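> compute the structure for the input listed below.
(2 chains)
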There are 2 protein chains.
Amino acid sequence: MQEIEKRFKTASQKYNSGLPHYHDCFELSKVCIHKLRADAGIKFYGYYNGAPRVGYHVAFLRDSVSRPFRKDIFIDDVGEFEVAHGKFIERLKHSDLASADDIVLANKVIYTSVMAFACCYDLWKNSSRKTPGTFFEILMAGLFQIFLPRANFSKHISLEAAIGENHIAGDDKEKVSISTDLVISTPDGQRTAVVPLKITTRERVVQPYAHQRILDSSFPDKYESFLACISETQLDRKTQSVKQVCVPGTIKLFQRFLGNLTGIYYCDVPQRYAANDLARYVPVKPLGAIFGDVKTTIYSR
Amino acid sequence: MQEIEKRFKTASQKYNSGLPHYHDCFELSKVCIHKLRADAGIKFYGYYNGAPRVGYHVAFLRDSVSRPFRKDIFIDDVGEFEVAHGKFIERLKHSDLASADDIVLANKVIYTSVMAFACCYDLWKNSSRKTPGTFFEILMAGLFQIFLPRANFSKHISLEAAIGENHIAGDDKEKVSISTDLVISTPDGQRTAVVPLKITTRERVVQPYAHQRILDSSFPDKYESFLACISETQLDRKTQSVKQVCVPGTIKLFQRFLGNLTGIYYCDVPQRYAANDLARYVPVKPLGAIFGDVKTTIYSR
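Take a look at the predicted model:
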């Protein structure tokens, strides 16, 4: 586990210094896949009782179990992962990543990378709750940098101009800005995609909506938000099953009264969010589709 | 600690069943004050280095320390607490609680009740992170029920009408509602105060703003929000001092572009929030002032 922590620290420091960091994320993912196979057990846990029902596995170590994951989109062999990953990066470099096959491939590779890392932290470093989310963030930033090499990337949107400079006391250490996880702009800065990244949203889904609202008020028609997630699953230990924790009513409410997200993306799309009634408010798609959608949006005008 | 947990469970069950529960909160506060004195040590921890600087104490047990609290507004003797509490309840029953003395008294009694409970959980039941927040919620609900006996109280605002009933799929278990901690209405239901309760806000300060925005869009001019907090303090173990974690720029931004809170209230008002530049956006006051302000607002029209 020390090697994983060390590699994560290196990748994260490079990312924060603006250095190329994606290769470190890739190597780290392989170490995690290998460690789960070598040092933990993997077993079937239970079903999400939807229509159709979906089976979930967990990694385990004596009495402790990891978060649940779908074995049909998780690549548990390092060699197979390398092959799939190689194909995915090729497509990322040379296409719009818009075909159904591209999207399935992107979904599997990202799901595997993030879940392998997260399950290792679940089993061997459970106190670091927020680290898997940070890994998801820097991994996606790296992939977008490969996909859109000419775009500008940042993590914040400054709003000092919006609030009026004379209202900012000089001794305020806090910068008035919106911390979104990933901000991708065209080179001319005219169109910008905001990509909040959350492994699961839960009650934090309000944040991207509030941010979009503020951005719309401050800079009309300049920003669009694409919320990127992995899944909304939770173990239900009492019934040995898996729940998908969804709040479609809240999302409709936010989408209608707070702000408009352009799309919500999941590797493991919750069935409740794939239903038609929600699509009338906001499209919910596989995460693999986010690359093409962001590109189309920021380069379309 | 078992007695505290049992009493908390009783108070909380009564509250959820709509039964009178305030007396249980009061008895529970006394048990907590007594337990801290009898079974823990209390010592000076360090200063918040503001202008003026403010000293903070902690309760401790071997190596573990509680959250920091201000001894000048914390009543550490059960007998003294009973006297102050008795006076406060008298004022609550028979006045508008608007004088400076009333506000100071209210602040002390509430601060002591919540902090005594929270420090006990910090030392003896650290895994239950959310329980002190729930205690704050039911305690304040009890006090408002004494203060405004003819008002209606609830915990949610239904928004099914706002979003259009035909958009709600029949099998949605989720109710479309805003869960604010405390909702206080005039008997005719025309004016309503929304009171979100948070011991500290941190990044969750976005929630009351998003809720106010949705309420304004759905029901113009009917709801006003009064955010009730205890403090924004945090131990800084490296420097053995206390920080006040504040985000004045973010609050200005939310207040300007998201929604309008009518007031923000603290037992231990953070110095940065008491500054004039923020007051131009939203009044930040001692928590003791919330009773009079809510009453004036909902009964004024």
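
> where does pLDDT dip in the stretch 51-200 of chain A?
The model of the stretch 51-200 of chain A has pLDDT under 70 over residues A:161-176.

> and the strands in it, which stretches?
Assignment of strands within the stretch 51-200 of chain A using DSSP state E, counting those that start in this stretch yields the ranges A:54-61, A:64-65, A:152-158, A:177-185, A:192-194, A:197-198.

> the stretch 201-301 of chain A now?
Using DSSP E, counting those that start in this stretch, the strands assigned to the stretch 201-301 of chain A run over residues A:223-229, A:233-236, A:241-244, A:263-266, A:284-286.

> out of those, the one nearest residue A:123 is which?
Minimum separation from residue A:123 across the strands of the stretch 201-301 of chain A (C-beta to C-beta) falls at strand A:233-236, 13.6 Å. C-beta here means a position set from N, CA and C on the backbone, and glycine is covered the same way.

> pairing partners for that closest one, with directions?
Paired with strand A:233-236 in the same sheet, following DSSP bridges, are strand A:241-244 (antiparallel).

> just how off-centre is the strand it pairs with within its chain?
Counting by C-alpha atoms, centre = their mean, to the nearest Å, strand A:241-244 is centred 20 Å from the centre of its parent chain.

> what mean pLDDT does that strand get?
Averaging the model's pLDDT scores along strand A:241-244 yields 95.

> how many residues are close by the residue of the stretch 1-150 of chain A found nearest chain B?
Of the stretch 1-150 of chain A, the residue with the smallest distance to chain B, taken as C-beta to the nearest C-beta, is residue A:51 at 10.9 Å. Other residues near residue A:51 come to 6 when the count uses other C-beta atoms under 10 Å in any protein chain shown.

> relative to residue A:274, how far out is it?
Here the distance between residue A:51 and residue A:274 works out to 11 Å (C-beta to C-beta, to the nearest Å).

> how about the helices in the stretch 151-300 of chain A?
Along the stretch 151-300 of chain A, the stretches classed as helices by DSSP state H, counting those that start in this stretch are A:160-163, A:206-218, A:248-257, A:271-274, A:276-279, A:290-299.

> dump the ones you listed to JSON lines, plus distance to residue A:42 and mean neighbour count.
Written out in JSON lines, the entries for the helices of the stretch 151-300 of chain A read as follows (distance: least, C-beta to C-beta, whole Å; neighbours: other C-beta atoms under 10 Å in any protein chain shown):
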{"stretch": "helix A:160-163", "distance to residue A:42": "49", "mean neighbour count": "15"}
{"stretch": "helix A:206-218", "distance to residue A:42": "33", "mean neighbour count": "22"}
{"stretch": "helix A:248-257", "distance to residue A:42": "32", "mean neighbour count": "22"}
{"stretch": "helix A:271-274", "distance to residue A:42": "24", "mean neighbour count": "18"}
{"stretch": "helix A:276-279", "distance to residue A:42": "33", "mean neighbour count": "14"}
{"stretch": "helix A:290-299", "distance to residue A:42": "28", "mean neighbour count": "19"}
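
> mind checking which of those helices is nearest residue A:190?
With C-beta to C-beta as the measure, helix A:290-299 is the member of the helices of the stretch 151-300 of chain A nearest residue A:190 (8.7 Å).

> got the contact list for residue A:77?
By C-beta atoms under 8 Å, 6 or more residues apart in numbering or on different chains, the contact list for residue A:77 reads A:33, A:37.

> who does residue A:57 bridge with?
Beta-bridge pairing for residue A:57 (DSSP bridges): residue A:44, residue A:69.

> would you enumerate the residues in contact with it?
Residue A:57 makes contacts with A:42, A:43, A:44, A:45, A:68, A:69, A:70, A:71, A:74, as judged by C-beta under 8 Å, 6+ apart.

> show the buried residues in those residues.
Those of the contacts of residue A:57 that meet the buried threshold are A:42, A:45, A:68, A:69, A:70, A:74, by 16 or more other C-beta atoms under 10 Å in any protein chain shown.

> hang on, the second one packs against residue A:65?
Yes. At 7.1 Å, residue A:45 and residue A:65 qualify as touching, with contact defined as C-beta atoms under 8 Å.

> overlap in contacts of the two?
When C-beta under 8 Å, 6+ apart defines a contact, the residues bordering residue A:45 and residue A:65 alike are A:58, A:235.

> circling back: overlap in contacts, residue A:51 and residue A:274.
With contacts defined as C-beta under 8 Å, 6+ apart, no residue is shared by residue A:51 and residue A:274.

> ok, residue A:9 - contacts?
Shown in contact with residue A:9 (C-beta under 8 Å, 6+ apart): no residues.

> ok so it is a helix residue?
Yes. With DSSP: H, G, I helix; E, B strand; the rest coil as the criterion, residue A:9 is part of a helix.

> point out the most buried one among the strands of the stretch 51-200 of chain A.
Between these, the one whose residues have the most neighbours on average, counting mean count of other C-beta atoms under 10 Å in any protein chain shown, is strand A:192-194 (a mean of 23).

> redo the buried ones among the contacts of residue A:57 as CSV? Include distance to residue A:80.
Output for the buried ones among the contacts of residue A:57, formatted as CSV (distance: C-beta to C-beta, whole Å):
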residue, distance to residue A:80
A:42, 15
A:45, 22
A:68, 21
A:69, 16
A:70, 16
A:74, 11
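
> which among those gets closest to residue B:196?
For those, the closest approach to residue B:196 (C-beta to C-beta) belongs to residue A:68, at 32.7 Å.

> give the contact list for the residue lying closest to the closest one once chain neighbours are set aside.
With C-beta to C-beta, 6 or more residues apart in numbering or on different chains as the measure, residue A:56 is the residue that lies nearest to residue A:68, at 3.8 Å, once sequence neighbours are left out. Neighbouring residues of residue A:56 by C-beta under 8 Å, 6+ apart: A:44, A:45, A:46, A:47, A:48, A:68, A:69, A:70, A:71, A:233, A:242.

> tell me the buried residues in the longest helix along chain A?
Counting residues, the longest helix in chain A under DSSP state H turns out to be helix A:100-124. Across helix A:100-124, burial judged by 16+ other C-beta under 10 Å covers A:102-103, A:105-124.

> how near is the residue nearest to residue A:68 to residue A:136?
Using C-beta to C-beta, one gets 19 Å for the distance from residue A:56 to residue A:136.

> go on, residue A:21?
The separation that residue A:21 has from residue A:136, given C-beta to C-beta, amounts to 14 Å.

> over to residue A:225?
Computed as C-beta to C-beta, the residue A:225 to residue A:136 distance reads 17 Å.

> which stretch of helix or strand covers residue A:6?
helix A:2-16 (DSSP states H and E).

> now that helix: mean pLDDT?
When the per-residue pLDDT values of helix A:2-16 are averaged, the result is 96.

> now the angle from that helix to strand A:152-158?
Relative orientation of helix A:2-16 versus strand A:152-158 (axes from the mean of the first three to the mean of the last three C-alpha atoms, to 10 degrees): 80 degrees.

> which SSE is immediately downstream of helix A:2-16?
Tracing the chain past helix A:2-16, the next element assigned as helix or strand by DSSP H and E is helix A:22-39.

> please save the CA atoms from that next one in PDB.
The C-alpha trace of helix A:22-39 is given here as PDB (Å, rounded to 0.1, in the frame of the first residue of the first chain):
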ATOM      1  CA  TYR A  22      -1.200  11.000 -16.800                       C
ATOM      2  CA  HIS A  23       1.400   8.200 -17.300                       C
ATOM      3  CA  ASP A  24       1.700   8.100 -13.500                       C
ATOM      4  CA  CYS A  25      -2.000   7.600 -13.100                       C
ATOM      5  CA  PHE A  26      -1.900   4.800 -15.600                       C
ATOM      6  CA  GLU A  27       1.000   3.000 -13.800                       C
ATOM      7  CA  LEU A  28      -0.800   3.500 -10.500                       C
ATOM      8  CA  SER A  29      -4.000   1.900 -11.800                       C
ATOM      9  CA  LYS A  30      -2.100  -1.200 -12.800                       C
ATOM     10  CA  VAL A  31      -0.400  -1.500  -9.400                       C
ATOM     11  CA  CYS A  32      -3.900  -1.300  -7.800                       C
ATOM     12  CA  ILE A  33      -5.400  -3.900 -10.100                       C
ATOM     13  CA  HIS A  34      -2.500  -6.200  -9.400                       C
ATOM     14  CA  LYS A  35      -2.700  -5.700  -5.600                       C
ATOM     15  CA  LEU A  36      -6.400  -6.500  -5.500                       C
ATOM     16  CA  ARG A  37      -5.700  -9.800  -7.300                       C
ATOM     17  CA  ALA A  38      -2.600 -10.600  -5.300                       C
ATOM     18  CA  ASP A  39      -3.500  -9.500  -1.700                       C
END
